[in-house]
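J.: Got a sequence here, can you build the structure:
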Amino acid sequence: MTSAVAPSLLRNVLFVPHGSPMFALHPGAAGAAMRQVAQQLPTPRAMVLISPHWETSLPTVGMATQPETLHDFYGFPAPLYDLQYPATGCPEAALEVVGALKAHGFDVQTDAHRGLDHGAWIPLRHMFPDAEVPVIPLSVQSHADPEHAYRIGQALATLATQHIWIVGSGNVTHNLGDLRMARLQGERTPAYVQVFADWLADHLARGDVDSLLNYRQHSPEGVRAHPSEEHLLPLFTALGAAGPDAVPHAFHRGISDCVIAMDGYAFQAKA
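T.: You can find the predicted model right below:
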């Protein structure tokens, strides 16, 4: 399911799904919706891309000028490993990211060689197939909590007003054990996948940040939807970057591979 957004109200903040690696070859409706929303925003001078597939103890900013395309997965068809995403980096804007995080009290590290993992380049391939926008990878701290991820976003909020996009990449549900089980049991989608995705959409629409940050206690299926939290943390960073008066808008909702909710969110100013 896709839904139109009001381009004049959009902020430079997105949460996008990256699905399984096969999403790179089969974009479907989710990929088309991501491409459409990317076209509705002014092209940025750079984007900060937060992927759950780069986990570090401290927030770490990628500084590479030509980040490598990382094929950080195994057991997939050979054509997937031939794909390249030749985006450039932007060390100048990356230093702005470092400065913004430090100004909000975070200890920050940099990585001069970090490439783009599949949580970064796969969604970007659908949004900007010509790789024309410089990309600044930013790591997640999966040992921390959603509030930490949210505060990271708050630190980046000013950059979103300076022609830098803040893009969180993840999945609204991500349980690989259930994915394997669903394939064994006939490709059936467990009920909790839609239940949690609907709960999340409802509380985003309400602006109920407290319940969202404490989703493991307040949602009906949050723990099963995310046995580990890394794939949802980028959503909280996007939420923080969008600002307290932002209105989340689902530009796509749907389920892929039985258990992966592919919901994507843009953030609009209040009309």
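J.: rest of the way, CA atoms for contacts and neighbours
T.: Fine.
J.: Which secondary structure element of this protein has the lowest mean pLDDT?
T.: helix 176-184 (a mean of 79; mean pLDDT, DSSP states H and E).
J.: so where is the stretch 151-271 of the chain shaky, pLDDT-wise?
T.: 271 (pLDDT under 70).
J.: residue ranges of the strands in it, please?
T.: Ranges of strands within the stretch 151-271 of the chain are 164-170, 247-252, 255-256, 260-261, 264-268, based on DSSP state E, counting those that start in this stretch.
J.: closest one to Leu233 among those?
T.: Closest to Leu233 of those is strand 164-170 (CA to CA; 7.8 Å).
J.: So what are the sheet partners of that closest one and their directions?
T.: strand 10-17 (parallel), strand 46-55 (parallel) (DSSP bridges).
J.: Isn't Met22 up against Leu80?
T.: Yes - between Met22 and Leu80 there is a contact under CA atoms under 8 Å: 7.5 Å.
J.: Please list all residues in contact with Thr237.
T.: Ala149, Tyr150, Arg151, Ile152, Gly153, Gln154, Gly168 (CA atoms under 8 Å, 6 or more residues apart in numbering).
J.: Of these - the most surrounded one?
T.: Neighbour counts for the contacts of Thr237 peak at Gly168, which has 33 neighbours (criterion: other CA atoms under 10 Å).
J.: Contact partners for that residue?
T.: Contacts of Gly168 (CA under 8 Å, 6+ apart): Leu14, Phe15, Val16, Leu49, Ile50, Ser51, Pro234, Leu235, Thr237, Ala238.
J.: And the second one, how close does it get to Pro59?
T.: In other words, Phe15. Distance, Phe15 to Pro59, by CA to CA, to the nearest Å: 19 Å.
J.: okay, the two: which has more neighbours?
T.: It is Phe15, of Phe15 and Pro59, that has more neighbours when counted by other CA under 10 Å, with 30 against 19.
J.: what's the neighbour count on Ala24?
T.: 20.
J.: nearest residue to it other than its sequence neighbours?
T.: What sits nearest to Ala24 in space, not counting adjacent residues and going by CA to CA, 6 or more residues apart in numbering, is Ile122, at 5.3 Å.
J.: thinking again about what came up before, could you dump the strands of the stretch 151-271 of the chain into CSV and include distance to Asp210?
T.: Output for the strands of the stretch 151-271 of the chain, formatted as CSV (distance: least, CA to CA, whole Å):
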stretch, distance to Asp210
strand 164-170, 19
strand 247-252, 15
strand 255-256, 26
strand 260-261, 22
strand 264-268, 18
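J.: Those: which one's closest to His203?
T.: Comparing the strands of the stretch 151-271 of the chain by their distance to His203 (CA to CA), the top pick is strand 247-252, with 10.0 Å.
J.: ok and that closest one relative to strand 10-17, angle-wise?
T.: For strand 247-252 against strand 10-17, the angle by axes from the mean of the first three to the mean of the last three CA atoms, to 10 degrees is 50 degrees.
J.: could we number from 172 for the rest of this?
T.: Okay, residue one is now 172; in that scheme the one you just asked about reads as strand 418-423.
J.: How far does strand 418-423 sit from its chain's centre?
T.: On the basis of CA atoms, centre = their mean, to the nearest Å, strand 418-423 sits 13 Å off its chain's mean C-alpha point.
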